[in-house]
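Chemist: Dropping a prediction and its sequence here:
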Amino acid sequence: MGIFTKKKLDPDTYVKLTEEYREVLYRMAYGYLGSESMALDAVDEAIYLGYKNRDSIKEPDFTKTYLTRILIHECLRILKKDKKVYYTDTLPERGVEDNVISLPTKAAISSLQEVQQQVIILRYFAGFTIKETGEILSLPEGTVSSHTRKALELLRIELSDEKGDLSYEKK
């Protein structure tokens, strides 16, 4: 018997896949919500909703994208419900070292348009490619690239105002 049973993803396979993606989902939720406890709750809820509706997953390869979409909706629901974002000075220690961001950076990201925030969080916190980000947000790759470029430009301006001149080399 394959990994599918009656059009549903096998529960054991689903659990294995979600464990693989949990850390990426957490970093993404933390980028949206700015609070460890809220991020953990959002990830748990997304995994639960994904499990409950796993018959919507056509192939195991789509599980990560499916969970990411659920997580984004859950984070937006939490933000809408709470009407505020909680920030802390650093990410929890269990996060990856290069994903530690400062309070000014978080504030600068939150000043971007919603779609630009989503692109930055997916690309730089969750590590998705331009193509994957486009699939998750239902945007063409060119649009994702444009939003990324514009958001990074705005972040550089915003952060250079706060920290003085930020030098960087263009590749």
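Modeler: Nice, thanks for sending it over.

Chemist: Kindly state the neighbouring-residue count (a burial measure) for His73.
Modeler: His73 has 14 neighbouring residues, counting by other Cβ atoms under 10 Å. Any C-beta I mention is one placed from the backbone N, CA and C, and that applies to glycine too.

Chemist: what helices or strands is the host helix or strand of it leaning on?
Modeler: According to DSSP states H and E, His73 maps onto helix 63-82. For helix 63-82, the packing partners by 3 or more Cβ pairs under 8 Å, 6 or more residues apart in numbering; DSSP states H and E come out as helix 11-33, helix 36-52, helix 130-137.

Chemist: and the residue nearest in space to the middle of the chain, what pLDDT?
Modeler: Centroid-nearest residue in the chain: Met28, 3.0 Å away (criterion: Cα atoms, centre = their mean). On the pLDDT scale, Met28 is placed at 90.

Chemist: How much space separates it from Asp161?
Modeler: 27 Å (Cβ to Cβ, to the nearest Å).

Chemist: Same check on Asn53?
Modeler: According to Cβ to Cβ, Asn53 and Asp161 sit 44 Å apart.

Chemist: try Arg69
Modeler: As for Arg69, its distance to Asp161 is 34 Å (criterion: Cβ to Cβ).

Chemist: out of these two, which sits in the more crowded spot?
Modeler: The residue with more neighbours, out of Arg69 and Asp161, is Arg69; 16 against 11, by other Cβ under 10 Å.
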